[in-house]
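Asks: I'll drop the sequence and a predicted model, then ask my questions.
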Amino acid sequence: MKKISNICCIGAGYVGGPTMSVIAHKCPDVKVTVVDINQKRIDLWNHENPDKLPVYEPGLSEIVFNSRGKNLFFSTDVDKAIDEADMIFISVNTPTKTYGKGKGQAADLKFIELCARNIARVATNDKIVVEKSTLPVRTAEAIKSILHNTGNNVRFEILSNPEFLAEGTAIEDLLHADRVLIGGDDTPSGQEAKNLLSAVYENWLPKERILQTNVWSSELSKLVANAFLAQRVSSINSISALCERTEANIAEVSRAIGHDSRIGAKFLNASVGFGGSCFQKDILNLVYIAKSFGLNEVADYWEQVIIMNDYQKTRFADNIISTMFNTVSGKKIVFYGWAFKKDTNDTRESAAIYVANLLLEEQANIVVYDPQVGEEQIYSDLDYLGTRSEEENRKLLKVTTDYMEATKDAHAIAILTEWDEFKTYDWNQIHDNMLKPAFVFDGRRMLDKAKMQEMGFDYYKIGES
Ligand SMILES: NC(=O)c1ccc[n+]([C@@H]2O[C@H](COP(=O)([O-])OP(=O)(O)OC[C@H]3O[C@@H](n4cnc5c(N)ncnc54)[C@H](O)[C@@H]3O)[C@@H](O)[C@H]2O)c1
Ligand SMILES: O=c1ccn([C@@H]2O[C@H](COP(=O)(O)OP(=O)(O)O[C@H]3O[C@H](CO)[C@@H](O)[C@H](O)[C@H]3O)[C@@H](O)[C@H]2O)c(=O)[nH]1
C-alpha cells in the first residue's frame, strides 16, 4: 500500500463529522465515507439546508458543502464502507459506564467492540484501523485480539490517533492543529501504517507537528492532556472562591500568573464549572485506571479535579439562593445559555443542567434562552438526571426563543454560557423589564461590573467580591 485512497469513519458525531470533513476538504484525491447506525443523524449530514447539520460549528457547513457528494459521503451502509476502505477510523462514543463493574468511572467500550467485530466480519483485504475515539490505555490490545482472530487471513494494523479538537473551534483546531498524535507498533508494518496516516495529515500540516509514539503512550496522552486542561480550570475556580472572600480579583490573579511563561495564559478563565462530553469522562477514566493498578494516591489526586468542579457548580447555585434572601421558590430566574460553552449546540455535562437542577429543587421557575439549543434537548438533559417527574420539569422550567421577553418580571438572570451576543443586549431595557432588586449572576464573567451596577443591577460575578 503506497497511499491511502479510501477512508471510512465509523461514527458521524462531533468528532467523526468535522474531522472527516476536513480530511476530505484537504485531500481531494481521497474518498471519505462517514457511516453511522443513526439514520436521523446521517440524514441531517446529508440535508440540503446548512442550518440543519447535526453539529453546529463555525465554518463546518461551508467545508461540508464544498466536498459532499464529491469525495465526502455520509451513509448508514456501514459494511460497504468498511469493505471498500483501506483505512478505517473508529470515532464512536465512549461514555462513562452506567452499569456493572466500573460503573460511574470506567469507559463503556461496548460501541468500540461492536465496531471491531463489524470490521472483523466484513473485511476481505488488509486494513489500517485507527482509534480516533478516546480510549483507556491498552484498548488497542482488545481491538487487536478481536481483529486478529477472524481466521480470514486479513492483516490489520492498529493505530491510535486521538483527537484534540475543542468544540466551538473544531474547524480552526483541525486546520491548525498544535499537534497530531499517531501511536503504532514499532514493527515494519506498524511503521508503514504510521507513515501512511501521517501522509494524510501532511496534506495540510507541517511534518514536525505530527508526533509518532507507541500505541500505549498515545492512548494515555489523550487522557492526560484533558486531565491537565481540566485541572487548570479547577485550579483557577478554586482560587475564584478565595477571591470572592478576600477582595482579590480572579481576572487580575489569572493575568498575573499567566504572564509567567512557565504557567502560560490559556485555560485560566474562572467559570461556573467546566462541562462537555470529555473532561469529566476522561478524568474518571484515568481515576479508574489508576485505581485498577492499585495507585490510589494517583487516583485521588485526579479525582479532586472533578470534586472541585462539582463544588463550583453547587457554589454558584447556592450563591443565587442565599443572595436572593434565601429563597427562590416561585421566583422567575432567566438562564442565558444552556450549551457547555459558546459556539456549540452540545450540552453534554453542561454546568447549566446541574445549576438548574439545584434551583428547581428549591422550586424556582426557570426560563432558558440559548441561541443554539432547543427545547427538546433541554428537557431531555433535565429528565436524564431523574431528579423529578417529566411533568414537573416542564412545569417549573420553560424554554424561550425571545431573550428580551423572558426578562419581563424576572427576579434574576444567570449567565451560564459565554455566547458573545449576551454582551450586545440592551441591558438597560432588561433592567427596566425586571422586578427589583434586579439580580444578575454572571457565571462566565462576561459583563462589566461597574456598568452593570451603574444601571442599577445587583450584579454578582464569579471570582470577585
Ligand atoms: N466531542 C469532542 O469534542 C471530542 C473531542 C475529542 C475526542 N472525542 C472522543 O471522540 C469519540 C466520539 O465522540 P463524539 O463527541 O463524536 O460522540 P458522538 O456521540 O457525537 O458520536 C458518536 C457516533 O457514533 C455512532 N455509533 C456508535 N456505535 C456505532 C456503531 N457500532 N456503528 C456505527 N456508528 C456507531 C453513534 O450513533 C454516534 O452518532 C469519543 O471517544 C470522545 O471521547 C470527542
Ligand atoms: O479557561 C477555561 C477554559 C475552559 N473552560 C470550560 O471548560 C470546558 C471545556 O472547554 P474546552 O476544552 O474549550 O472544550 P471541549 O470541546 O470540551 O474540548 C476539550 O475536550 C476535547 C475532547 O476530548 C479535547 O479534544 C480538547 O482538546 C479539550 O480542550 C467548557 O465548559 C469551558 O467553558 C473554563 O471554564 N475555563
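Replies: Yep, that arrived. Ligands and ions are numbered 1, 2, ... in the order given.

Asks: all strands of the protein, in order?
Replies: Ranges of strands within the chain are 6-10, 31-35, 72-75, 87-90, 127-131, 156-160, 180-183, 210-213, 332-336, 365-369, 397-400, 412-415, 439-442, 458-461, based on DSSP state E.

Asks: Figure out which of the ones you listed is closest to ligand 2.
Replies: strand 180-183 (11.1 Å; CB to the nearest ligand atom). C-beta here means a position set from N, CA and C on the backbone, and glycine is covered the same way.

Asks: what helices or strands is the closest one leaning on?
Replies: Packing partners of strand 180-183 (3 or more CB pairs under 8 Å, 6 or more residues apart in numbering; DSSP states H and E): strand 156-160, helix 188-201, strand 210-213, helix 215-246.

Asks: Let me know which of the ones you listed is tucked in deepest.
Replies: Among these, the stretch with the highest mean neighbour count (mean count of other CB atoms under 10 Å) is strand 156-160, at a mean of 24.

Asks: and the protein, what are its domains?
Replies: Following automatic domain parsing, one gets these domains for the chain: 6-213, 215-465.

Asks: Would you map the helices across the stretch 1-150 of the chain?
Replies: 16-26, 39-45, 60-67, 78-84, 110-122, 139-148 (DSSP state H, counting those that start in this stretch).

Asks: tell me, how many neighbours does the residue of the stretch 151-300 of the chain found nearest ligand 1 end up with?
Replies: The minimum distance from the stretch 151-300 of the chain to ligand 1, using CB to the nearest ligand atom, falls at Glu163 (3.9 Å). Per other CB atoms under 10 Å, the neighbour tally for Glu163 reads 23.

Asks: Just read off the phi/psi values of it.
Replies: Torsion angles at Glu163 (phi, psi; degrees, to the nearest 10) stand at phi -100, psi 140.

Asks: Quickly note the distance from Glu57 to Ile42.
Replies: Glu57 sits 18 Å away from Ile42, taking CB to CB, to the nearest Å as the criterion.

Asks: between those two, who's got more neighbours?
Replies: Glu57 (26 against 20).

Asks: doesn't Pro18 make contact with the more buried one?
Replies: Yes - the pair Glu57 / Pro18 is scored as a contact, 5.8 Å apart, by CB atoms under 8 Å.

Asks: So for these two, which residues contact both of them?
Replies: 170-171 (CB atoms under 8 Å, 6 or more residues apart in numbering).

Asks: Let me know the pLDDT of the residue lying closest to Leu397 once chain neighbours are set aside.
Replies: The shortest distance from Leu397 to any non-neighbouring residue, by CB to CB, 6 or more residues apart in numbering, is to Ile366 (4.5 Å). The model reports Ile366 with a pLDDT of 98.

Asks: re the thing from before, can you say which of the strands of the chain is nearest to ligand 1?
Replies: Judged by CB to the nearest ligand atom, the one of the strands of the chain that comes nearest to ligand 1 is strand 6-10, at 4.7 Å.

Asks: What residue in the stretch 1-150 of the chain comes nearest to ligand 2?
Replies: Closest contact between the stretch 1-150 of the chain and ligand 2, by CB to the nearest ligand atom, is at Thr134 (5.6 Å).

Asks: Not counting sequence-adjacent ones, nearest residue to that residue?
Replies: With CB to CB, 6+ apart as the measure, Lys222 is the residue that lies nearest to Thr134, at 5.2 Å, once sequence neighbours are left out.

Asks: give the contact list for that neighbour.
Replies: 134-135, 162, 164, 181, 282.

Asks: Distance of the residue of the stretch 351-465 of the chain found nearest ligand 1 relative to Phe316?
Replies: Of all residues in the stretch 351-465 of the chain, the one sitting closest to ligand 1 is Gln377 (13.0 Å; CB to the nearest ligand atom). Distance of Gln377 to Phe316, computed by CB to CB: 21 Å.

Asks: more crowded one of the two?
Replies: When Gln377 and Phe316 are compared for neighbours, Phe316 comes out ahead with 24 against 17, by other CB under 10 Å.

Asks: hang on, the more buried one packs against Val355?
Replies: Yes - using CB under 8 Å, Phe316 is in contact with Val355, at 5.8 Å.
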